[in-house]
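1. Just need the structure, nothing else, for what follows:
(one chain, ligands or ions: 2)
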Amino acid sequence: MVARRAGESTTPSGTLDPVENLLIACDFDGTITRRDTLHIIVEEFGTRGLWAAIEPRLRAGEVTLEQAMQEEFATVRATPDEVRDVVLREAGLRDGFPEMVAWSEAAGHRLIVFSSGFRSVIEAALAHWGLGHLQVVSHEAEFSPEGARLVWSDRGEICVECGRCCKRHDLARHSRGERLVYVGDGISDRCAARTADLVFARADLARDLTEAGLPFVPFEDFVEVREHLESTASLAA
Ligand SMILES: [Mg+2]
Ligand SMILES: [Zn+2]
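-> Numbering: from 1, shown residues only. Ligands and ions are numbered 1, 2, ... in the order given. Below you'll find the model as predicted:
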């Protein structure tokens, strides 16, 4: 067993067999980035406060999350370049992520970005940080001064666990049977994280897993994630 650190979940958190290759599934907004890029984009170019008006209808089941997001992003009037510029200026890269990517590649693991955000935004940011080679699984948005149009990726059938088209399908589709490590921060990660062998969580995802009594390793930067994975491997080496 790995020694527990203060603040870790009290339920047993996964340890991994060191010789196995891992699929490290990493959320983008609020995980790789410090700030959520969707919030940044809406704040800068969209109608402020609109989400507060949409949310009651979402809660009441009158609109789906996808419809609610499309409604919100229809008010985002900006060119792709304007969107990219504000994201590069505001999003911020969480500490240790490039080193984490390099470590994963050297160790023979696959690190894939699974996001409920938009490909063009994610790829522009990753390229800016020298990580343009990373595989990204996400939705897409077409930005224009007339309003953004969201393009939803095919996530297959409605998920039997959460009743939505969620990341669980994307994960299953990209798995090659490796042990699964999930790193995330938000509600869109909660279903997929439940399929992982080891979960690193912060913010809303950490709160959700704590409430559900499920194990996870808390993290605030990728130095912690990498060190945990390394120590897990070295213990059994
Ligand atoms: Mg997130
Ligand atoms: Zn689901």
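
2. is any part of the helix or strand hosting Y182 close to ligand 2?
-> In this structure, Y182 sits in strand 179-184 according to DSSP states H and E. No. Using C-beta under 5 Å from the ion, strand 179-184 stays clear of ligand 2, coming no nearer than 12.9 Å. Glycine gets a C-beta too; all of them are placed from N, C-alpha and C.

3. Show me what the next helix or strand after that strand packs onto, helices and strands only.
-> Next in sequence after strand 179-184, counting helices and strands by DSSP H and E, comes helix 190-193. Helices and strands touching helix 190-193, as assessed by 3 or more C-beta pairs under 8 Å, 6 or more residues apart in numbering; DSSP states H and E, comprise helix 167-174, strand 179-184, helix 203-212.

4. Pull the residues that contact helix 190-193.
-> Residues from elsewhere that reach helix 190-193, judged by C-beta atoms under 8 Å, 6 or more residues apart in numbering: 25, 114, 159, 161-162, 164, 166-168, 170-171, 182, 184, 199, 201, 205, 208-209, 216.

5. Close to ligand 2: what parts of the chain are there?
-> So the chain meets ligand 2 at C159, E161, C162, C166, R168, C191 (C-beta under 5 Å from the ion).

6. Just give me the closest of those residues to G46.
-> C166 (24.3 Å; C-beta to C-beta).

7. what's the helix or strand hosting A68 packed up against?
-> Assigned by DSSP H and E, A68 belongs to helix 65-73. Judged by 3+ C-beta pairs under 8 Å, 6+ apart, helix 65-73 is in contact with helix 37-45, helix 50-59, strand 149-151.

8. Can you name the residues in contact with it?
-> Residues outside helix 65-73 that contact it (C-beta under 8 Å, 6+ apart) are 41-42, 46-47, 50-51, 54-55, 57-58, 63, 141, 147-150, 152, 164.

9. for it, which positions count as buried?
-> Using 16 or more other C-beta atoms under 10 Å as the burial criterion, the residues of helix 65-73 that qualify are A68, M69, Q70, E71, E72, F73.
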